[in-house]
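>>> Please find the sequence and the predicted model below.
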Amino acid sequence: MKESASKKQGMAAVKASALDPASLVREFTAQARAAGFRAEPLAEIDGCPLAAFTKRARGRRPRIYLSAGVHGDEPAPPHALLDLVRSGLLDDRATWFVVPLLNPTGFARGTRENADGIDLNRDYKDVRTHEVRAHIRWLRHQPNFDLALCLHEDWETKGFYLYELNPDGRPSLAETILDAARTHGPIEDAEVIDGRPSHAPGLIRPVDDPLMRENWPEAIYLRAHHTTLSYTLETPSGAPLAQRVATLASAVDTALSELARNFSRTS
Ligand SMILES: [Zn+2]
């Protein structure tokens, strides 16, 4: 999740692929509408819409929240959500709440931070940015989520890993997600990942008490206000973009299937 020396090389490759936030959001909007989603504009950031997309399933289905692009130098997550909606996998297994690109100005520049140099993923407590303010304003009108998945990338690791926030000890989806990711590439096996000890290969269970965290990332805000089960998924930025997109799409789809199975057993 942090900056690193290998980043410059990687960014050159990413920039070559012309990352235009407005066209990505336009494409996502078209695909989402075709799949039955409702577009909910949250704000306009530097000429690019910041939007959420919702679709309510009939009957009792899990409520799933997905977000991507809070860090502008992590292009695979928004593309993974685009792939999922385009391929019809955000289907009636769930009621969906999707925010595909949280940091349009960072995405356009290929920077982690927004155009004002602020890391949005540290801005969910004492909010300073338009993006996070608009996001939270929208979130306040949403119900609780049965699962939240925040999609990210990491320049410093060689393999996929995830953070789990599961304060109530609900059935964990971590192994299922890691198994899905493993079919696309390696799992990070370092004992310390992103400065935190790993619980098992590829699995970090960070301090999840919001009161003990100074700068809130999105996941801690969600844990405080919206969900008792969330995962932050991280693909290694050095892997090919197509592989990272496929890994994230597969991880999301697998997590949903497993959650839906648990959900139908308990409800
Ligand atoms: Zn990130």
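That came in fine, so what should we check first?
>>> Helices along the stretch 101-250 of the chain, start to end?
104-109, 130-139, 174-182, 218-225, 241-266 (DSSP state H, counting those that start in this stretch).
>>> quick one, which of those helices is packed in tightest?
Highest mean neighbour count of the helices of the stretch 101-250 of the chain: helix 104-109, a mean of 24 (counted as mean count of other Cβ atoms under 10 Å). Bear in mind the C-beta positions are built from the backbone N, C-alpha and C, glycine included.
>>> Name the residues that touch that helix?
19-22, 24-25, 45-46, 48-50, 69, 71-73, 75, 78, 101, 112-115, 120, 131 (Cβ atoms under 8 Å, 6 or more residues apart in numbering).
>>> any residue of that helix up close to the ion?
No. Counting by Cβ under 5 Å from the ion, the ion is not contacted by helix 104-109; separation bottoms out at 10.2 Å.
>>> what distance separates that helix from the centre of its chain?
For helix 104-109, the separation from the chain centroid amounts to 16 Å (computed by Cα atoms, centre = their mean, to the nearest Å).
>>> thinking again about what came up before, among the contacts of helix 104-109, which ones lie close to the ion?
H71.
>>> Can you select the buried ones from the contacts of helix 104-109 in ChimeraX?
To isolate the buried members of these in ChimeraX, using 16 or more other Cβ atoms under 10 Å:
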select :19,21,24,25,45,48,49,50,69,71,72,73,75,78,101,112,113,114,115,120,131
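>>> and the stretch 101-250 of the chain, which of its residues are near the ion?
Counting by Cβ under 5 Å from the ion, the residues of the stretch 101-250 of the chain that sit close to the ion are H152.
>>> And the residue of the stretch 101-250 of the chain closest to the ion?
Nearest residue of the stretch 101-250 of the chain to the ion: H152, at 3.5 Å (Cβ to the ion).
>>> Then the stretch 1-150 of the chain?
H71 (3.6 Å).
>>> Which secondary structure state does that residue sit in?
coil (DSSP: H, G, I helix; E, B strand; the rest coil).
>>> who touches D119 in this structure?
H71, R112, E113 are the contacts of D119 under Cβ under 8 Å, 6+ apart.
>>> OK, contacts around the last one?
Applying Cβ under 8 Å, 6+ apart, one finds that E113 lies in contact with G72, N103, G106, D119, L120.
>>> Quick check: it vs E258, distance?
Look at E113 and E258: by Cβ to Cβ, to the nearest Å, they are 34 Å apart.
>>> cool, and the second one?
From R112 over to E258 the distance is 31 Å, taken as Cβ to Cβ.
>>> burial of G88, as a residue count?
By other Cβ atoms under 10 Å, the residues close to G88 number 10.
>>> Please apply the same query to G185.
Neighbour count for G185, taken as other Cβ under 10 Å: 17.
>>> shouldn't it be in contact with Y161?
No. Applying Cβ atoms under 8 Å as the test, G185 and Y161 come out as separate, 11.4 Å apart.
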